[in-house]
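pasting the sequence and the predicted coordinates here, then a few questions.
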Amino acid sequence: MQIKSLTLLSLILLFSQVAFGQGNFTISGIVRDDKETIPGAAVYLSGTKISTITNNEGKFSLPKLPAGSYDILIQVVGYLPFAKSIIITDKNIYIDATLKANAVTLNEVVIKPDPNRLHYLSVFKDFFIGRTPNAKECKILNSEVLLIDYDKQARMLTVTSNEFLVIENKALGYRIKYMLQNFEYDYRTRIVYFAGFPFFEEMKGSKSKIKKWNQKRNAAYFGSPQHFYQSLYEGTSQKEGFVLHKLATIGNKHRQPDSIISANIKKLTAGPKAISMLTFTKDDSLNYWLKERSKPKSMAVLNRAEVRTDTLVKKYNQDLKSLNFTDELFVMYTKEKETEEYSNLGFQVSRAPDMGNYQVSLINLVSPPILFYQSGSVANPRSFLYKGYWAYEKMADAVPTEFKPVVLK
């Protein structure tokens with residue numbers, strides 16, 4: 001299915017925002033309903049591969065964690081999923097989680113007949129899973145849990161779920177449980193936003209299969225936003241292959257003002273002369289003003305001077321750093337090139353021919369600054385929008401927060 005490329009995309013994954021170095025803190029707690037404790041409940045640390053289950057008394061413990069921000073997910077059959085965001089600073093955290101019964105079990109879900117459901121599912125998959133080569137090896141195993149709504153007047157597609165969405169990624173060797181909080185696609189602006197809590201499970205495979213997965217995981221990680229923010233935090237972005245420039249948008253000085261264009265077109269098409277619209281030649285004045293109207297009102301100008309990260313990145317607190325800038329940030333990753341397949345999808349950002357065919361992404365600030373952790377996770381993901389390569393890669397190219405590139409033999 002062909003879908004026009006995004007103009008902007010804000011891809012939000014609410015990963016657990018932790019550094020995953022050495023840590024001595026513990027998240028523990030008890031899981032219950034309104035009557036009794038619940039044994040065998042699955043407890044996940046969002047964005048990671050860390051999980052446990054509650055014991056016979058409904059208690060659980062996740063030890064050896066560093067300070068940071070976490071999203072805890074709890075799932076039990078027959079209950080609505082439970083999610084809680086917490087921050088560890090200088091002491092252990094205890095959670096008393098009360099689950100609510102799920103009035104409608106999976107087998108009793110009734111999906112209202114909708115002749116457009118398959119179309120909306122296809123749009124969701126393209127913008128949530130993505131259209132990269134890895135996306136071709138991804139499959140949603142339980143799309144029936146998705147609740148789809150399309151607002152014709154607002155031209156807004158929304159998708160939610162009260163159950164974990166299960167995704168099998170055979171390209172990277174992950175089985176992902178994703179608690180989708182919200183997915184929005186605005187047909188007018190072509191802006192996509194989705195947020196949720198992912199949990200990664202390793203798939204089993206032969207040695208050769210695992211080696212192939214490690215190669216693809218490395219490729220997915222390098223040049224990604226997670227890699228970029230991690231390198232910014234450590235002050236190694238240039239060494240890691242990231243080059244930064246500023247992209248400014250200015251008015252097109254070669255285009256006449258709208259008021260003059262409209263006045264001249266109105267004058268030339270008024271009265272009996274309007275018939276000439278069907279017969280004008282390239283020398284006609286009407287043709288000139290129609291061409292003026294078709295010219296872009298603004299132009300993007302790239303500043304070729306490389307931006308120093310110490311002018312952009314500041315310490316926010318003991319755990320967070322901030323990224324702030326004017327105009328748009330032009331991020332070029334010089335260790336990987338864009339493919340022809342990617343270029344044909346329409347995401348590509350224009351650049352000078354001598355800059356090479358390296359992966360380029362743009363960051364557009366919506367509500368500055370961007371706050372990010374050492375792990376590469378962003379604390380306020382609605383503060384920006386992506387264009388270019390990072391608007392192309394989605395869940396099919398996601399790796400856990402604690403992922404470290406594997407040295408391949």
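Happy to help now that I have it.

could you export stretch 255-262 as CSV, CA atoms only?
C-alpha atoms of stretch 255-262 as CSV (Å, rounded to 0.1, in the frame of the first residue of the first chain):
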residue,chain,number,x,y,z
ARG,A,255,8.5,35.5,-4.9
GLN,A,256,6.1,38.4,-5.1
PRO,A,257,3.9,39.1,-2.0
ASP,A,258,0.5,37.2,-1.9
SER,A,259,-1.5,40.4,-2.0
ILE,A,260,0.1,41.5,-5.3
ILE,A,261,-0.2,38.0,-6.8
SER,A,262,-3.9,37.7,-5.9
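
what comes up buried for it?
Buried residues in stretch 255-262, counted by 16 or more other C-beta atoms under 10 Å: 255, 261. Any C-beta I mention is one placed from the backbone N, CA and C, and that applies to glycine too.

same check on stretch 145-152?
Going by neighbour count (16+ other C-beta under 10 Å), the buried part of stretch 145-152 is 145, 146, 148, 150.

what's the answer for stretch 335-351, then?
By 16+ other C-beta under 10 Å, the buried positions in stretch 335-351 come out as 338, 342, 345, 347, 348, 349, 351.

can you redo those residues as a markdown table with pLDDT?
A markdown table is the format used below for these (pLDDT from 0 to 100):
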| residue | pLDDT |
| --- | --- |
| 338 | 94 |
| 342 | 91 |
| 345 | 86 |
| 347 | 82 |
| 348 | 87 |
| 349 | 89 |
| 351 | 88 |
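
which two of the residues you listed have the greatest separation?
Spatially, the most separated pair among the buried residues of stretch 335-351 is 345 and 351, at 16.8 Å (C-beta to C-beta).

the chain: helices as residue ranges?
Counting by DSSP state H, one finds helices in the chain at the ranges 117-128, 207-221, 225-234, 237-240, 258-269, 285-294, 340-344.

give me whichever of the ones you listed is most buried.
helix 225-234 (a mean of 20; mean count of other C-beta atoms under 10 Å).

stretch 33-53: how far from the chain's middle?
Distance of stretch 33-53 from the chain centroid (C-alpha atoms, centre = their mean, to the nearest Å) equals 26 Å.

tell me the buried residues in it?
Going by neighbour count (16+ other C-beta under 10 Å), the buried part of stretch 33-53 is 33, 38, 41-48, 50-52.

just send the buried residues of stretch 335-351 back as JSON lines, with distance to residue 332 too.
Below are those laid out as JSON lines (distance: C-beta to C-beta, whole Å):
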{"residue": "338", "distance to residue 332": "10"}
{"residue": "342", "distance to residue 332": "14"}
{"residue": "345", "distance to residue 332": "19"}
{"residue": "347", "distance to residue 332": "15"}
{"residue": "348", "distance to residue 332": "12"}
{"residue": "349", "distance to residue 332": "9"}
{"residue": "351", "distance to residue 332": "8"}
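
sitting in strands, which of those residues do you find?
Assignment to strands by DSSP state E places none of these there.

ok, of the residues you listed, which one's closest to residue 83?
For these, the nearest to residue 83 is residue 347 (31.3 Å; C-beta to C-beta).

before we move on, what's the pLDDT of the spatially closest residue to that closest one that is not a sequence neighbour?
Spatial nearest neighbour of residue 347, excluding adjacent residues (C-beta to C-beta, 6 or more residues apart in numbering): residue 392 at 4.6 Å. Reported pLDDT at residue 392 in the predicted model: 93.

again with residue 317
Residue 317 carries a pLDDT value of 87.

show me where the stretch 301-409 of the chain has strands.
Remark: strands assigned in the stretch 301-409 of the chain by DSSP state E, counting those that start in this stretch are 313-315, 321-323, 328-337, 358-365, 370-372, 384-388.

give me the number of residues near residue 355?
Residues within reach of residue 355, counting by other C-beta atoms under 10 Å, total 16.

who's in contact with it?
Residues near residue 355 by C-beta atoms under 8 Å, 6 or more residues apart in numbering: residue 332.

can we see that at 7 Å?
If you count contacts by C-beta atoms under 7 Å, 6 or more residues apart in numbering, residue 355 has none.

low-confidence ranges in the stretch 101-250 of the chain?
Within the stretch 101-250 of the chain, the stretches with pLDDT under 70 are 104-113, 250.

correct me, but residue 199 touches residue 174?
No. With contact defined as C-beta atoms under 7 Å, residue 199 does not reach residue 174; the gap is 9.8 Å.

can I get the helices of the chain in a markdown table including distance to residue 61?
Listed next are those as a markdown table, based on distance: least, C-beta to C-beta, whole Å:
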| stretch | distance to residue 61 |
| --- | --- |
| helix 117-128 | 33 |
| helix 207-221 | 29 |
| helix 225-234 | 28 |
| helix 237-240 | 36 |
| helix 258-269 | 65 |
| helix 285-294 | 65 |
| helix 340-344 | 44 |
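
of all these, which lies closest to residue 382?
The closest of the helices of the chain to residue 382 is helix 225-234. By C-beta to C-beta, the value is 14.4 Å.

off-centre distance for that closest one?
With C-alpha atoms, centre = their mean as the basis, helix 225-234 stands 15 Å off its chain's centre.

show me what contacts residue 197?
Listed by C-beta under 7 Å, 6+ apart, the contact partners of residue 197 are 14, 46, 71, 73, 83, 179.

hang on, the earlier thing: for the residue nearest to residue 347, the count of nearby residues, please.
Neighbour tally, residue 392, other C-beta under 10 Å: 25.

what do you get for the one 4 residues further on?
The burial count assigned to residue 396 is 24, neighbours taken as other C-beta under 10 Å.

which residues touch it?
By C-beta under 7 Å, 6+ apart, the contact set of residue 396 is 129, 130, 132, 134, 135, 138, 169, 171.

any idea which of those is closest to residue 26?
Out of these, the member with the shortest distance to residue 26 (by C-beta to C-beta) is residue 169, at 30.5 Å.

may I ask you to confirm that that closest one is in contact with residue 140?
No. Using C-beta under 7 Å, residue 169 makes no contact with residue 140, being 10.4 Å away.

neighbour count for those two, which is higher?
Using other C-beta under 10 Å, the more surrounded residue of residue 169 and residue 140 is residue 169, with 25 against 20.

can you tell me, leaving aside adjacent residues, what's nearest to that one?
Once flanking residues are discounted, residue 169 sits nearest to residue 138: 4.9 Å by C-beta to C-beta, 6+ apart.

against residue 345, how distant is the one you found?
Remark: distance between residue 138 and residue 345 (C-beta to C-beta, to the nearest Å) = 17 Å.
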